[in-house]
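what would the 3D arrangement of this be:
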Amino acid sequence: MFDYDKSRFNGICIPYSRFSTTEQDKVGRKSLERQLEEAKRYARENNLYINEELMFADKGVSGFAKQGHLSKTFEKGQMSLMLEVLEDVPFKERENIYLCFHAFDRFSRQHPEVAYEQFSKILKRGFNIVTTIDDCFYSSKEADLESMLISIIKMSSAHYESEVKSVYVSDAHRRRRETLEYLYNHPTQKGKHKHIGLKQSTTPRWILESEIIYDFVDENGVARKDSFSKFSLDEAKAVIINQIFDWKIQGLGHTKICQLLNQKKIPTFEDGNCRKAKQWHTFAISNLFKNKSTIGTFTLKTVEDQEYFCESERIFKTRSNKVDATSEMENYFPAVVTVEKYETALKVIAMNNKGEKISEPEDKTHVFSKVLRCTCGGRLVFKGTRKTGKSEKSDWFEYLRCENAILKDGCDAENIIYKDFEMAFLRFATSSNYTVFSTTQSKLKTKLKRLSIKQSRLNSEKEQLLLEANGLKKTFESIVTQNLDATLLLDSISKNEASLHTVQNELVKIDEQVKGVEREYEKSGKPIDKRTIKKELRSEDYSKRLLMRRAVNQQLRKNVVHMEVCSTKLLKFVIVCFDDYVIRTYAYQDEFSSDLMFNSIKINVENHDESEAYDLIMHLFKEVRISLSGGNAVITNFDLKVHLSGIKEKYLK
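You can find the predicted model right below:
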């Protein structure tokens, strides 16, 4: 992809273009052509090669982001893809790569600090940046203080322009929300207006929208016009929703309704910008009965920024919270079901919930809640039914099942008898060389060790920069004494000071993190006694079992990095990694045991931060899963260790 005739060209030009809105793309497709033509012009004039496969464009994606946040283009857009592709370029070849943007506002409209950080990161990785509007060239080798200041000013200008637009747009939305609140809920207007509103992503998928100019009289008695969306029903989807409500009134559960919809091959509703689910899931059914939009009632939301202090980084940040912008508005959408049918369905659900429960919702905890997943990636559903028989003792039959298997969505996992699975885990935990039911102290020690390594590295960098600063100072004094030009040296001194400032700031952050971990270490409690755990989990008193399950679950949530189970007809095994970063495996049913099913493989992650370590572990989990399922040539435990060692080496490269 990055090959070119080096005897003919000086390097490769990679154009990037962006549109903020889909309307911008429709109205002026020539904008894309203009940006590409400018890149081609620059390539011709500077003898650069353009590969058609290496052209990137974000259409309908804003480059704007609030302070402290990355824009969508850098998180999941074509910009993100381009930067990911560039990582494959050998370091020695990067000086021949020229990333072409029409102007800085096409690169980013983020806050200048964030934009400059991304800009510098590209340069530090050895690539060149060109803005074709002024043919400015930026490189890590030739970046002088003046050009850097100019780039920051341009980034500030792009961000400010977007921020002003954002304020105007927000203000327009606020005024229209206030208008709708008046039209739907003011005593003089209530009942006179229906099925008009704002176009937004939260509009139900059974509603069709069309833009209209709507005439109304405002609260001051002035006749006005404004653009709104006119809502109507998608009749085909309305039939499906009414069928779902009818099934619920007949007493069918969410899972059974999903199965019927999937058996009849009725397509899901998600479309537009949302990912279309392959099959119906219980949460989609559940949401219909929680959603008053089905009877046409809706509440508009808005986003408010809240400033908070981040303890881990010891800095102030902002987060966005959704809040109600209006009261409930009746007849906002056309009702897809009658109020009578909606209320009847809710009564059926309420009656079903009144039956004898295994526990209160907040107590519905099993040992593996939010810790264990199926090897297919699906969530495990915990079910319990009361045993019936002549015995006076009351007990429950409990099991775990993959949600994807219940819905027949590509998983063939079988039910897992919970009691047996729990006991198998306790046997494994007791025999393991890892203290499963210890406190979080081992995890905190690992975290401290990582921070210490990073601290040492930064201190070494600091010492090197201080030595360099001392040398530059002496050289500067010598040049001044000889009345020579010291301009280039001043640039070097400026870069050295900037680097030293960055390193010192990083050291301050790490020092705060170390103090935070040490405080947490002091607060960590005593480990749970294993004999007490076994006794309470086997107790005939269900409330005691629940209390101990919750205690063990809280411990596992702190200690487990990842845990998954395979429960197919032919395979019954568990893969788990605790915070000691050892991948362990075991068979949870004796009849499915073999030597290969029992492993304990240490993964060295000392030189990686927490997110990098997690990514590596997940990559190795996939290989372990394939190996235990017979998907490769691994036969023995030794084979598996050698295989994972090779996979790790390739992954880190």
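
can you give me the strands for the stretch 551-653 of the chain?
Assigned by DSSP state E, counting those that start in this stretch, the stretch 551-653 of the chain shows strands spanning 560-567, 572-578, 582-587, 599-602.

tell me the most buried of those strands?
Mean neighbour count (mean count of other C-beta atoms under 10 Å) peaks for strand 572-578 among the strands of the stretch 551-653 of the chain, with a mean of 24. Backbone N, C-alpha and C define where each C-beta goes, glycine included.

sheet partners, orientation included, of that one?
strand 560-567 (antiparallel), strand 582-587 (antiparallel) (DSSP bridges).

what's next to the first one, contact-wise?
Outside strand 560-567, the residues within contact range by C-beta atoms under 8 Å, 6 or more residues apart in numbering are 368, 371-375, 380, 400, 402, 413-416, 421, 556, 572-579, 581, 588, 614, 617-618, 621, 625, 628-629.

now that strand: mean pLDDT?
The pLDDT scores in strand 560-567 average 95.

then the shortest one?
Along strand 582-587, the predicted local confidence has a mean pLDDT of 95.

now swap in stretch 493-512 and tell me
85.

and what of stretch 34-46?
Stretch 34-46 shows a mean pLDDT of 90.

start the count at 380, not 1, going forward
Okay, using 380 as the starting number, the last item reads as stretch 413-425.

dump that stretch to CSV, keeping only the CA atoms.
This file holds the C-alpha atoms of stretch 413-425, laid out as CSV (Å, rounded to 0.1, in the frame of the first residue of the first chain):
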residue,chain,number,x,y,z
ARG,A,413,-11.7,20.8,-4.2
GLN,A,414,-9.9,19.4,-1.2
LEU,A,415,-8.6,16.4,-3.2
GLU,A,416,-7.6,18.6,-6.1
GLU,A,417,-5.6,20.8,-3.8
ALA,A,418,-3.8,17.8,-2.4
LYS,A,419,-3.1,16.5,-6.0
ARG,A,420,-1.8,19.9,-6.9
TYR,A,421,0.6,19.9,-4.0
ALA,A,422,1.7,16.4,-4.9
ARG,A,423,2.4,17.4,-8.5
GLU,A,424,4.3,20.5,-7.5
ASN,A,425,6.4,18.6,-4.9
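
buried residues of that stretch, list them for me.
414-415, 417-419, 421-422 (16 or more other C-beta atoms under 10 Å).

what does stretch 699-719 give?
Across stretch 699-719, burial judged by 16+ other C-beta under 10 Å covers 704-705, 708-716.

wait, which of those residues is closest to Y593?
Y711 (13.6 Å; C-beta to C-beta).

how about that closest one, what does it touch?
Counting by C-beta under 8 Å, 6+ apart, Y711 makes contact with 563, 573-574, 576, 610, 675-677.

what secondary structure does it sit in?
Under DSSP: H, G, I helix; E, B strand; the rest coil, Y711 falls in the coil class.

quick check: the gap between it and N1016.
When distance is defined by C-beta to C-beta, to the nearest Å, Y711 is 62 Å away from N1016.

related to what we said a few turns ago, could I get the strands of the stretch 930-1032 of the chain as TSV with distance to R698?
Listed next are those as TSV, based on distance: least, C-beta to C-beta, whole Å:
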stretch	distance to R698
strand 939-946	26
strand 951-957	30
strand 961-966	35
strand 978-981	38
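
quick one: closest of these to S396.
When the strands of the stretch 930-1032 of the chain are compared by C-beta to C-beta, strand 939-946 sits nearest S396, at 39.5 Å.

alpha carbons of the closest one, in CSV - could you do that?
C-alpha atoms of strand 939-946 as CSV (Å, rounded to 0.1, in the frame of the first residue of the first chain):
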residue,chain,number,x,y,z
VAL,A,939,-10.7,-10.6,38.0
VAL,A,940,-9.3,-9.1,34.8
HIS,A,941,-11.4,-11.3,32.6
MET,A,942,-13.3,-14.6,33.0
GLU,A,943,-15.3,-16.7,30.5
VAL,A,944,-17.0,-20.1,30.3
CYS,A,945,-17.5,-22.5,27.4
SER,A,946,-20.6,-24.7,28.0
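
picking up where we left off before, so which of the strands of the stretch 930-1032 of the chain gets nearest I832?
I832 sits nearest to strand 978-981 of all those, at 17.5 Å, using C-beta to C-beta.

packing partners for that closest one?
Judged by 3 or more C-beta pairs under 8 Å, 6 or more residues apart in numbering; DSSP states H and E, strand 978-981 is in contact with strand 961-966, helix 1016-1031.

which one of those is the most hemmed in?
Mean neighbour count (mean count of other C-beta under 10 Å) peaks for strand 961-966 among the helices and strands packed on strand 978-981, with a mean of 21.

tell me the angle of that one relative to helix 1016-1031?
Counting by axes from the mean of the first three to the mean of the last three C-alpha atoms, to 10 degrees, strand 961-966 lies at 140 degrees to helix 1016-1031.

picking that back up, pipe the buried residues of stretch 699-719 into CSV and attach distance to R929 and pLDDT per row.
Shown next, in CSV, are those (distance: C-beta to C-beta, whole Å; pLDDT from 0 to 100):
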residue, distance to R929, pLDDT
A704, 38, 90
T705, 40, 93
M708, 41, 95
E709, 42, 95
N710, 45, 95
Y711, 42, 96
F712, 41, 96
P713, 45, 96
A714, 42, 96
V715, 40, 96
V716, 39, 95
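
how about these, which pair is most distant?
The distance between the two most remote of the buried residues of stretch 699-719 (C-beta to C-beta) is 25.7 Å, for A704 and V716.

these two touch, right, K909 and T809?
Yes - K909 is in contact with T809 according to C-beta atoms under 8 Å; the separation is 6.3 Å.

show me where the stretch 730-879 of the chain has strands.
Ranges of strands in the stretch 730-879 of the chain, per DSSP E, counting those that start in this stretch, are 751-753, 759-765, 775-781, 795-796.

actually the stretch 430-579 of the chain, sorry about that
Under DSSP E, counting those that start in this stretch, the stretch 430-579 of the chain gives strands at 435-437, 476-480, 507-510, 515-517, 575-576.

hmm, who's touching the longest one?
By C-beta under 8 Å, 6+ apart, the surrounding residues in contact with strand 476-480 are 381, 390-395, 417-418, 421-422, 425, 427, 461, 465, 468, 486, 501, 505-511.

cool, the shortest one as well?
Residues outside strand 575-576 that contact it (C-beta under 8 Å, 6+ apart) are 559, 562, 591, 593, 607-610, 677, 679, 708, 711-712.

burial measure for I796, as a count.
I796 sits with 16 neighbouring residues when counted by other C-beta atoms under 10 Å.

what's opposite it in the beta bridge?
Y778.

distance to K643 added to the strands paired with strand 951-957, as TSV?
Formatted as TSV, those follow (distance: least, C-beta to C-beta, whole Å):
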stretch	distance to K643
strand 939-946	28
strand 961-966	39
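
return the list of helices and strands in contact with the helix or strand encompassing R423.
For R423, the element it lies in under DSSP states H and E is helix 408-424. Secondary-structure packing of helix 408-424 (3+ C-beta pairs under 8 Å, 6+ apart): strand 390-397, helix 401-406, strand 476-480.

pull the helix or strand with minimum mean pLDDT from this protein.
Of all the helices and strands that make up the chain, helix 401-406 has the lowest average by mean pLDDT, DSSP states H and E, namely a mean of 46.

no more questions from me, cheers.
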